[in-house]
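Novice: Return a 3D structure for these sequence lines:
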Amino acid sequence: MEISEIQRLIEAGLPGAKVTVTGDGSHFQALVVSDDFEGKSLVVKQKMVYATVNEHIVSGELHAFTIKAHTPAEWEKASKLQVGSL
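Specialist: Predicted coordinates for the structure are as follows:
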């Protein structure tokens, strides 16, 4: 499965989300930042992202998939912490 296809599926399932997908063809990581995550637990956020690609996970076309899901405020805070630790 291609990175661009995974990104397109997530963006289609979570309109307005900012999505970055990286990977090497067998292991993929998705960073998803969306207002839709506001007030939701980490597990619910991850389920929302998984739902956008679930068909491909079930078929085996997509596996080894890691998700980081944040609201814009959470991502702003997390990215400041990352920069501060460099």
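
Novice: how about the helices of this structure, start to end?
Specialist: Per DSSP state H, the chain carries helices over the ranges 3-13, 42-58, 72-84.

Novice: Quick one: closest of those helices to Q29.
Specialist: helix 3-13 (9.9 Å; C-beta to C-beta). Backbone N, C-alpha and C define where each C-beta goes, glycine included.

Novice: So what's the residue count around F28?
Specialist: When neighbours are defined as other C-beta atoms under 10 Å, F28 has 21 of them.

Novice: beta partners for it?
Specialist: G23, F65 (DSSP bridges).

Novice: Just give the nearest non-adjacent residue to A78, would you?
Specialist: Sequence neighbours aside, H70 is the residue nearest to A78 in space, at 6.3 Å (criterion: C-beta to C-beta, 6 or more residues apart in numbering).

Novice: Report the contact partners of that neighbour.
Specialist: By C-beta atoms under 8 Å, 6 or more residues apart in numbering, the contact set of H70 is 31-33, 37, 45, 78.

Novice: now do T20
Specialist: Applying C-beta under 8 Å, 6+ apart to T20 gives the contacts 7, 30-31.

Novice: Repeat that for A64.
Specialist: A64 is in contact with 26-28, counting by C-beta under 8 Å, 6+ apart.

Novice: go again using 10 Å as the cut-off
Specialist: Counting by C-beta atoms under 10 Å, 6 or more residues apart in numbering, A64 touches 23-24, 26-29.
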